[in-house]
Structure formats: structure tokens, C-alpha cells
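Q: give me coordinates for this.
(chains A and B, ligands or ions: 2)
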Amino acid sequence: MSDSLFEKFEALPPDALFAIKARCDADARPQKVDLGIGAYRDNNGKPWVLPSVKMSELQYSQDPSHNHEYQPIAGNAVLGEDAAKILLGVDLYEKDKTVSTQTLSGTGALHVAAQLIYKGDPTREVYLSNPTWANHRNIFESSHLQLKTYPYWKEDTKTLDIDGWLKTIEAAKKGSVFVLHACAHNPTGMDPTPEEWEQVLDAMAKYHHIALFDSAYQGFASGDLDRDAKAIRLGHAKLSKQSPIIICQSFSKNLGLYGERIGCLHIVNPTSASKANIISQLSTLTRSEYSNPPAYGADIASRILSQHELRDQWYIDMKTMSSRIYKMRVELRNHLVALKTPGNWDHIEKQCGMFSFTGLTPEMVERLETKHAVYMAKNGRASVAGLNTSNVEYVAKSIDEVVHFFSS
Amino acid sequence: MTKMLSKKFPKPSTKCRFFASYMAKIPQAPPDRILGLVNQFMNDPNPSKVDLTVGVYRDNAGNVPTFKSVQNAQHLLHTVPSLRKDLSYLPIIGHPNYRNKVLNFLFHDGCPEIGPEIIYQDRVSFVQTLSGTGALSVTARFLSNFISDSIIIPQLSWANHANVFKNNGFRNISYYPYYSNEKIVLKDWLNHLINIQKTDREVTSNSKPSCILLHACCHNPTGLDPTKEQWDQILDTIYDLNLIPIIDMAYQGLESGDVLKDSYLLRKVLNKKRYKNWKNGIYLCQSFAKNMGLYGERVGSLSIILPETNSGNKSTSIRENIDSQLKQIIRSMYSSPPGYGARIVSLILSDKDLKDQWFLDVKEMVDRLNDVRYKLSQKLNWNSIIDLNQQHGMFYFTNLSPIQVERLKNQFAIYLTTDGRLSLSGINDLNVDYICNSILNVL
Ligand SMILES: Cc1ncc(COP(=O)(O)O)c(C=O)c1O
Ligand SMILES: Cc1ncc(COP(=O)(O)O)c(C=O)c1O
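A: Ligands and ions are numbered 1, 2, ... in the order given. Alright, predicted model coming up:
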């Protein structure tokens, strides 16, 4: 009977983004450009270790006190607290009203949040933006939650579908969970304006929904970590009196610690009665999946967050990354305009964060890959961080060729 | 009236229903057995206090040492720029060099007779995991998705085992007799397995296979392992009953001081002459927490060893399918594993000098633990503690009663877990007399 058990498995489609990276790595064409996965590259196309991270690593390597002992179940406590302050600001942060736990970066935070929601109420409906980061669905579905979507993006005008979004908030079952991209929406790169955030959060308050902020790109939208936390802080003002706020925070991108898997889950303003219970549930979950989170990256991050000198350097690093990306947006758009590529390309410059939702079709994306060795996600999302002064013109010309190819 | 009031002032409890309602239903989880003691210990003002609870190695000075091999590898990581210029995401299944080197270490070095053939046939689906715990949780999710959601674990076991399987999709968790009066209760153990398989078959004719959890060596908490001959009997029974072996190898090297020698259970399971084919695979959950002292870096692995195909051909396509399922599980839990610990391990396993140093480090650790055993046996007249044929690892099960354990804590500030488990590595030249005298006092 069981011989066949193993043979029964179907192969699942490979994770799209990791698969793009694998194909690109294997591509022998020297002109290849990887605009797939959201990882910052410097102007030489190389991964960039932030100067603040280098400083922190140097400290670590010279610190005789470090060892590799287990961390507590909730991870690095200094990190949890300082990370919450980065999101909420020192004024809003209240230690006794916040549960913070170190997680395996943003994904781990979302996963733990999903498990917790399911434990709380398995029938609770969770709303994702349409479109959204590909892994959101996988994370919440694997926790058996019922998923719905809210309209976010109007393809024809390449603008935010605020009306559709508000209507969905109104129609949703009271107490639904809305997953909100705190800034630099993935994949569209289009964020609500401050006025639109007001509308959205007011409506959420009115219908008693729960906000789950996914903060994976803080600092990449404006170059300023505080400004990029505005939506979360506004959400705090409008919602925290009536329901807890869930924040999933990643340091993958803004500290460039991708592979060290550092992030936090914060639950802000749980009722005082539930706080201890939430902590105990989180411990049980963590224990059952990995016992305690990884130490090294947490040590590196917490040094940066807790020491003035390192933190100031980090704020500068953030500017370095975001301004280079912005420059590449402008250059790509300008090249396309100069090439008279059919269509309007203003959105590339207007969008924010690491990505541009180019509007290229799946066929165009495929031709970009096969003919030009330019790799991006099938939905036309390009990681602008993969562009640099040596390849931006080549990419523009390649886009020009495929657009012409399919419009003739 | 009340209706009106509640309309105007909706009760806060309905607003916070999400957390409030279920929290009301679910009691606070019991505090972690060990961590509670750790807190008490930290707050204990007694200057002679000794912590003999946790499974972390301490040297003779009472410190948690960083192994020399690890120090050397870290030095390379921190000083050779080419090794540290990239903190990018690792692939979902782990650091490529780590995967290579650990597979090689486990199957070529560890199982030279059969391992190379298994690797050649492409029969191992392998992922870097969040240490041993992460390997167990991915195993549980994978098995419960597709093959089995029942497991039998030793009656005395690592406290987290049941928790891991329960929270990752298993419905049936039961226990087999393992230990009584300083002995492995082999007969009871095997009879238990035979009986429950019988009842399972009678109740549901087409029941799914069950899994069985085996401690590869250095059983936690008893420190008592079956003899090699007993293992043969145990595995024969497990194989006959079509149980799925999950091997938890968290203390490889801490039995004999030789990491390669200590993977004997894996070698036994893979012995083709004795066990032709494990139809539902073998699940090896391996950790570098204890044997490299990398506890907090969360580095380990899961190997799923697939059955041989009838033709003996390569199993690549099945292995790839299984890989794809593991990737999906991992992607939804944490996307990809952390890099730092994996880089250290792959450096150590890639370099002969570092590897030799690691072997020495493990030997040094075990020599010290055995020295502690020897001293305790002399001072306390405990004979079984030096029965190195079966007594292994960081722990010794004292058989002190809960009351005696309590007295050790209250009167002498010596902390053991309530079950009487004593962590040998907390004992050193400075405190050994104090500890022995205190134990004699409560006995
Ligand atoms: C919207 C969004 N959320 C969360 C994440 C999580 O990433 P990580 O797990 O590396 O923090 C990402 C990464 O691409 C993302 O785009
Ligand atoms: C029997 C056993 N299995 C697994 C583990 C898991 O340890 P880790 O996740 O740190 O590798 C431990 C740790 O104490 C253990 O004692």
C-alpha cells in the first residue's frame, strides 16, 4: 500500500520568486539583470551590507561577552522593545500595553499572527489587498483561515481603488481582519495618500475591524523611517481604543538582514486581561515550531536600534538606499520616454518602495527573460533595486523591444 | 432600559471579542517546566546556588564556552571579507554549501557502508531547519499532511515532543513505556507497540500507519539508552509493525565523544540486510545545538530518506516532489532559514583542520562530563552513573523523589528538575563537594 504513498505526491509549482532567482543565477548570459526578488543591490549590482550593520558586526566580533546560548522563547527583549519604538515612535509606545516577540522576520511574524487569529476564532475572515505579495495567501491559507480580498488597484488608470476598498470594508463581517501594507505596497508600489489612510482607518473603526499591519519596507517609501510609520501611528490613534492592533515587522529589507531572518510581531493594546494569555499562547506556538528564535541577527539588529551612533548611521543608510532606488525610477522612466516606448510610464516614477508595477503583461515578461535575460515577476513587478547606472538603459531598451513586439 | 444603555455604550467586551472570547476559553498554558526554575534560580540570593536544570554544556569554570572550532570559524567569517559580503536570503531549503556538507557528514562519513548508495540514488530529501525543534515541526507538518497523524513517544521524553506534534497537525499522541527503576523496560515497550497496532487494526481496518519517536542517543531526560542489542530487537519490531521511525538526534557525539560513532541508530535503521525497505520513509531530525554549542543560532536539518524503488533506479523525481512539499511548508512558516549558524557549520565541515578541531572539542566536552560522572560515583556511591554502556549524555536521572529535589532547592539552593533529572555539566571542581554533601544530606 505504502510504496505508492510517496509516488502519489504531486510536485507543487516552485515558489515563483525563489524560482526566478534560481533561473537567473543559472543564466550564463553576461548581460542578465535580476529584477525579481525584493533585495537591495548597490550601483554595482552587488548585495550591500549596510555600514551600520558592518559597525554592529564589528562590535559583536570584538565583544568577548557573546556566546551562543539559547535566547528566551520571545527572543531578544531589547530588540522587541526598540523595534516597537521604531514603529510607534517613543511617544506612542507603552511597554505595559505591548506584547512583542522576536520572529523569523516578516514571514514568521505573519505566520504566528495567522496561527493566533485562528486559535482565537477559526471563522474569522481575513482580507488581503488585491493584488498582494504572493506569499500572503500561502501563509494565511496554511493556517486554515478564510481569505477574502479587497480591491486595491485599478489596472486601467494605474491608481488606487479607494472606493472599492471602502465598500469592502463596509460590507465585511464585523471584526474582520484587514491585512494592510504599512507602506511601499508590494507589488504596486502605490500607497494611499494621508487622506485616504484617514478614510480607510475611519471606516475600519466604524465597522470594528481589526488591523494587521505588514511592515516590510519601513524607510523605503520616503527614505524616512518615521514618515513611513505614519499609517501605523494613525491606525493606533483610530483603532487602539477598541481593538488590539497587530503589527508584523521585518528587518530584511531596511537593515538588509534578509538571510538572518530578523523581525518582530507586536500586539498593541491587548486588553489587560488577555495580555498574559497572549504571551502564553505565543510561547507555546514558538516552542512547538522552533523553540526560540535565532540569536546572531537579533544581536546585530538590537545593537543598531539601541545605540545612538549606530542608529544615526542606519538612518543615513536608509536614505542611501531609497534615494538610489528613486534615481533609478527616474532614469528608467526617462529612458522609456526618450525611446518613445508606447504607453505612459509616469507611474514608474510615482510609485514608491522597492518595486515598480510596470504594467507589462505576462507575455512581455516572458520575452524579457528569454530574449533579453531581464528577469522580473510574471505580474510585471520589477524590483527597481536591481537597476543601476550600467544596466538601466539596457533594461529600458529591452522593455522597448518587447512592448513594440507585442503591440505590432 | 438596559437595551438603550447598551446601545449607547457598547460593552468593551464585544469590541474586543477577537482576543477576549477565545482567551476566556483557553487557560494559560502551564509555564515551561524548566524556565520557571530558571527564574527562581536567578532570584535565589544564596551564593552557593547551583543550576543543574538546563541542557546546555558548561565548562569546568561554569561558563557556556564557544567551541574552539566555532571560534575559529567565526574569526574567518568576521575577517575574510569575501565570506561576509552577502546577507541575502538563503534558498528555502537552506544554504547550498551547508546542505552539501551536512549531507556528506551524515551519510558519507556517518554511514560509509550504505550512505553513498543512498545519496547516489538521490533518496534523501534534505532541508536546513531551525535546529532540532524545527526539524521535528517540519516533519510533523509534512507527515500529518500526507501520511500519518499518530505518533508514539517514550513515556519519559523531552517535554516539548508532545507539544511539537500536537501543534503541527498530529491528532493522536500516545506513549510507550521506556524506563522504570533505572532500567529500560524493553519487554513492556515492545508488547505495548504490538498491542496497540493490533487494536488499531481491529478498530479501523484501514488505519494509517503510526510514527514512533526514537532518541538516537543520550535519551532526554533519563540519560539511559537501550544497548546496541536491544536496539536490534526494537527496530525489528518497529519494522514488522510498519511503524514510521522519526529519529531525534539532538545529542550526536555526547555519548561516546565521537560524533560519527554516535549515529549508530541511523546506521542500524539503514541496514539493508535487516530492513529491506522502510516503506514510508525514515525521518532524521538532527541538531547542531549541543554538539557544536550553537544553541541560539538555530541550526540543524531534516533528512527524509525515501524507500528504494523496485528497480533500484534513482528516485530523483519523487525526491523533487517531496522537496516541493517541504518548500511550501517552510515558505509559509518562515520563508527561508537563518544564515549565520549555517555558515559556521559549513566552514567547519569544509575544512579539515576545523573539522578535526571540532572532533576534539566534542571529545573534550564528553571527557569532562565523564569525569563528573566518575566523581559522583565515588562520592555518592552511585554505580549506575558510570555504566557507560547505557548511561550517556548531559543528564543523569537520579531517582531523587520530588520531596528530596525540593529540599535540595530550598535548603541548599541546588536546582534539579522535579523529575530528578540532573544536568551533569553544571557540576565542576569548585562545587562538586558541596553538591555531593547536600545530596547525601537529603537522601
Ligand atoms: C509585503 C511583504 N510582507 C512581508 C515580507 C516578508 O519578508 P521577510 O520574511 O523576509 O521579512 C515581504 C518580503 O518580500 C513582503 O514583500
Ligand atoms: C531530545 C531533544 N530533542 C530535540 C531538542 C531540540 O533542541 P534544538 O531545537 O535546540 O536543536 C532537544 C533540546 O533540548 C532535546 O533534548
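Q: what about the residue of the stretch 251-400 of chain A found nearest ligand 1, distance to residue B:415?
A: Proximity of the stretch 251-400 of chain A to ligand 1 (Cβ to the nearest ligand atom) peaks at residue A:252, 3.4 Å away. The C-beta positions use only the backbone N, C-alpha and C, and glycine is treated the same way. Residue A:252 is 39 Å from residue B:415, where distance means Cβ to Cβ, to the nearest Å.
Q: again, but for residue A:379
A: 57 Å.
Q: got a list of what residue A:52 touches?
A: Contact analysis of residue A:52 by Cβ atoms under 8 Å, 6 or more residues apart in numbering or on different chains lists A:255, A:304, A:310-311, A:313-314, A:316-317.
Q: rerun that using 6 Å as the cut-off
A: A:304, A:310, A:313-314, A:317 (Cβ atoms under 6 Å, 6 or more residues apart in numbering or on different chains).
Q: same check on residue A:33?
A: A:374, A:391, A:395.
Q: quickly list what it is bridged to.
A: residue A:374 (DSSP bridges).
Q: just the pLDDT for it.
A: Looking at residue A:33, its pLDDT reads 96.
Q: domain assignment for the chain?
A: Chain wasn't specified; assuming chain A. A:16-49+A:323-407, A:70-306 (the TED database).
Q: the chain in question should be chain B.
A: As assigned by automatic domain parsing, chain B contains the domains B:35-67+B:357-442, B:89-350.
Q: quick one: which of these is nearest ligand 2?
A: Of the domains of chain B, nearest to ligand 2 by Cβ to the nearest ligand atom is domain B:89-350, at 3.0 Å.
Q: could I get the average pLDDT for that closest one?
A: Rounded mean pLDDT across domain B:89-350 is 95.
Q: endpoints of it, how far apart?
A: End-to-end span of domain B:89-350 (Cα to Cα, to the nearest Å): 21 Å.
Q: briefly note if that domain comes near ligand 1.
A: Yes - counting by Cβ under 6 Å from any ligand atom, contacts between domain B:89-350 and ligand 1 involve residue B:335.
Q: other SSEs contacting the helix or strand hosting residue B:139?
A: Using DSSP states H and E, residue B:139 falls within helix B:131-146. Helix B:131-146 is packed against helix B:160-167, strand B:282-287, strand B:300-305, with contacts defined by 3 or more Cβ pairs under 6 Å, 6 or more residues apart in numbering or on different chains; DSSP states H and E.
Q: and the last one, which strands flank it?
A: Pointing back at strand B:300-305 there. strand B:124-129 (antiparallel), strand B:282-287 (antiparallel).
Q: and the last one with ligand 2, contact?
A: Same thing as strand B:282-287. Yes - judged by Cβ under 6 Å from any ligand atom, strand B:282-287 comes into contact with ligand 2 at residue B:287.
Q: who's in contact with the closest residue to the residue of the stretch 251-400 of chain A closest to ligand 1 other than its chain neighbours?
A: Leaving aside its chain neighbours, residue A:252 sits nearest to residue A:258 (4.5 Å; criterion: Cβ to Cβ, 6 or more residues apart in numbering or on different chains). The neighbours of residue A:258, taking Cβ under 6 Å, 6+ apart as the test, are A:39, A:252, B:87-89.
Q: try it again with 10 Å
A: Neighbouring residues of residue A:258 by Cβ atoms under 10 Å, 6 or more residues apart in numbering or on different chains: A:37-40, A:47, A:105, A:250-252, A:297, B:86-90, B:335-336, B:339.
Q: likewise residue A:315?
A: A:52, A:219, A:223-226.
Q: list the buried residues for the helix or strand where it lies?
A: Following DSSP H and E, one finds residue A:315 within helix A:308-338. Buried residues in helix A:308-338, counted by 16 or more other Cβ atoms under 10 Å in any protein chain shown: A:310-311, A:313-314, A:317-318, A:321-322, A:324-329, A:331-336.
Q: kindly report the same for stretch B:164-175.
A: B:164-168, B:170, B:173, B:175.
Q: try stretch B:272-282
A: B:275, B:278-282.
Q: how far off centre is it?
A: Taking the mean of its C-alpha atoms, stretch B:272-282 sits 23 Å from the chain's own mean (Cα atoms, centre = their mean, to the nearest Å).
Q: so residue A:180 sits in a helix?
A: No - per DSSP: H, G, I helix; E, B strand; the rest coil, residue A:180 lies outside any helix segment and is strand.
Q: before we move on, what SS does the closest residue to it other than its chain neighbours have?
A: Leaving aside its sequence neighbours, residue A:180 sits nearest to residue A:213 (Cβ to Cβ, 6+ apart; 5.3 Å). Three-state call for residue A:213 (three-state DSSP): strand.
Q: relative to residue B:325, how far out is the residue nearest to residue B:340 when sequence neighbours are not counted?
A: Spatial nearest neighbour of residue B:340, chain neighbours left out: residue A:296 (3.8 Å); criterion: Cβ to Cβ, 6+ apart. Relative to residue B:325, residue A:296 is positioned 29 Å away (Cβ to Cβ).
Q: again, but for residue A:208
A: Counting by Cβ to Cβ, the gap from residue A:208 to residue B:325 is 39 Å.
Q: check residue A:399 too.
A: 36 Å.
Q: between these two, tell me which one has more neighbours.
A: Set residue A:399 next to residue B:325 and count neighbours by other Cβ atoms under 10 Å in any protein chain shown: residue A:399 wins out with 25 against 19.
Q: wait, what's in contact with the more buried one?
A: Counting by Cβ under 10 Å, 6+ apart, residue A:399 has contacts A:332, A:335-336, A:339, A:341, A:343, A:345, A:358, A:360, A:364, A:368, A:372, A:374, A:376, A:382.
Q: where exactly do the strands run in the stretch 251-400 of chain A?
A: In the stretch 251-400 of chain A, the strands defined using DSSP state E, counting those that start in this stretch lie at A:262-268, A:355-357, A:374-375, A:381-383.
Q: quick check: which of these is nearest to residue B:235?
A: strand A:262-268 (41.6 Å; Cβ to Cβ).
Q: what pairs with the closest one, parallel or antiparallel?
A: Short version: by DSSP bridges, strand A:262-268 pairs with strand A:98-104 (antiparallel), strand A:245-250 (antiparallel).
Q: now do the buried residues in the first one.
A: What that stands for is strand A:98-104. A:98-104.
Q: likewise stretch B:174-184?
A: Within stretch B:174-184, the residues that count as buried by 16+ other Cβ under 10 Å are B:175-179, B:184.
Q: wait, does that stretch contact ligand 2?
A: No - against ligand 2, stretch B:174-184 shows no contacts by Cβ under 6 Å from any ligand atom, the least distance being 12.5 Å.
Q: just say helix, strand or coil for residue A:150.
A: Of the three states, residue A:150 takes strand under three-state DSSP.
Q: residue B:321: how many residues sit nearby?
A: Neighbours of residue B:321 (other Cβ under 10 Å): 19.
Q: check residue B:49 too.
A: Other residues lying near residue B:49 total 16 when counted by other Cβ under 10 Å.
Q: show the contacting residues for the nearest residue to it once chain neighbours are set aside.
A: Leaving aside its chain neighbours, residue B:49 sits nearest to residue B:413 (3.7 Å; criterion: Cβ to Cβ, 6+ apart). By Cβ under 10 Å, 6+ apart, the residues touching residue B:413 are B:40-41, B:44-51, B:434, B:438.
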